[in-house]
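Asks: Here is the input, now give the coordinates:
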Amino acid sequence: MMNSDFITAIIFDCFFAAVASIGFAVISNPPRKAILVSAFLAAVGHGFRYFLLKGTSLDISSASFIAAFIIGMLSILFAKKIHCPAEVFSFPSLLPMIPGMYAYKTVLASVKFIQCEDYPSSINIIVDIFRNGTTTVFVLFALVVGVSVPMFIFHNQTFSVTRILKFVNKDRRILDKPRVEIEQIDER
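Replies: Below is the predicted model of the structure:
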């Protein structure tokens with residue numbers, strides 16, 4: 001199953017997801033290091049989803065959930081390393097995984113249904129509308145839940161990444177990192 005064509009397809013998928021993620025990340029004007037992290041997370045997540053879709057028997061919504069969960073976990077790790085909120089690079093990383101083709105087919109089938117006058121073919125069009133529409137909704141739901149679960153689990157870590165509190169030790173020196181023997185001061 002893991003032949004050179006399959007590995008090449010995964011690499012191309014990772015590359016194009018990274019390029020798309022860079023485009024989406026630049027729109028929100030994040031720090032440059034966050035753009036590179038976003039590209040890396042998109043490549044890892046999209047490549048892993050591609051592997052799950054083609055290499056296993058998982059459907060697209062389950063594979064998207066697992067890939068989004070991986071992006072969420074890695075975004076928390078990188079958020080601590082570069083002191084930037086995880087959402088800055090996790091959400092642009094998810095955007096290449098939005099099921100645009102399924103949404104397009106849903107709208108296209110809806111337009112065909114409006115123009116259709118033949119009863120037997122209209123039933124097939126309705127089936128296409130619901131199949132593609134529910135696939136779109138489930139994949140979007142899987143992406144949102146998959147990336148949000150790690151952020152809810154590790155809420156304290158994601159919240160403390162952007163909050164640098166000033167602490168004072170017993171000698172009244174200001175410190176950036178809390179220690180056991182220090183007390184928090186209020187800067188108002």
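Asks: Does the spatially most central residue of the chain lie in a helix or a strand, and which?
Replies: By C-alpha atoms, centre = their mean, the chain has its centre lying nearest to residue 94, at 2.9 Å. Under the criterion of DSSP states H and E, residue 94 resides in helix 86-94.
Asks: tell me which strands and helices the helix or strand just after that helix is in contact with?
Replies: Scanning forward in sequence from helix 86-94 by DSSP H and E, the next helix or strand is helix 100-115. If you count contacts as 3 or more C-beta pairs under 8 Å, 6 or more residues apart in numbering; DSSP states H and E, helix 100-115 packs onto helix 119-153. In short, each C-beta sits where N, CA and C put it, glycine included.
Asks: before we move on, the earlier item: quick one, the helix holding residue 94 and helix 119-153 angle?
Replies: Between helix 86-94 and helix 119-153, the angle comes out at 150 degrees (axes from the mean of the first three to the mean of the last three C-alpha atoms, to 10 degrees).
Asks: How about residues contacting helix 86-94?
Replies: When contacts are defined by C-beta atoms under 8 Å, 6 or more residues apart in numbering, helix 86-94 is touched by residues 21, 24-25, 27-28, 30-31, 34-35, 37-38, 41-42, 45, 68, 71-72, 75-76, 78-79, 143, 147, 151, 158, 161.
Asks: which among those residues end up buried?
Replies: 21, 24-25, 30, 34-35, 37-38, 41-42, 45, 68, 71-72, 75-76, 78-79, 143, 147, 151, 158, 161 (16 or more other C-beta atoms under 10 Å).
Asks: Just the ones in strands from those, please.
Replies: With DSSP state E as the criterion, strands contain none of these.
Asks: Narrow those to those in helices?
Replies: Among the buried ones among the contacts of helix 86-94, the members falling in helices (DSSP state H) are 21, 24-25, 34-35, 37-38, 41-42, 45, 68, 71-72, 75-76, 78-79, 143, 147, 151, 158.
Asks: what number of residues lie near residue 74?
Replies: Neighbourhood size, residue 74 [other C-beta atoms under 10 Å]: 20.
Asks: what pLDDT does it get?
Replies: Looking at residue 74, its pLDDT reads 91.
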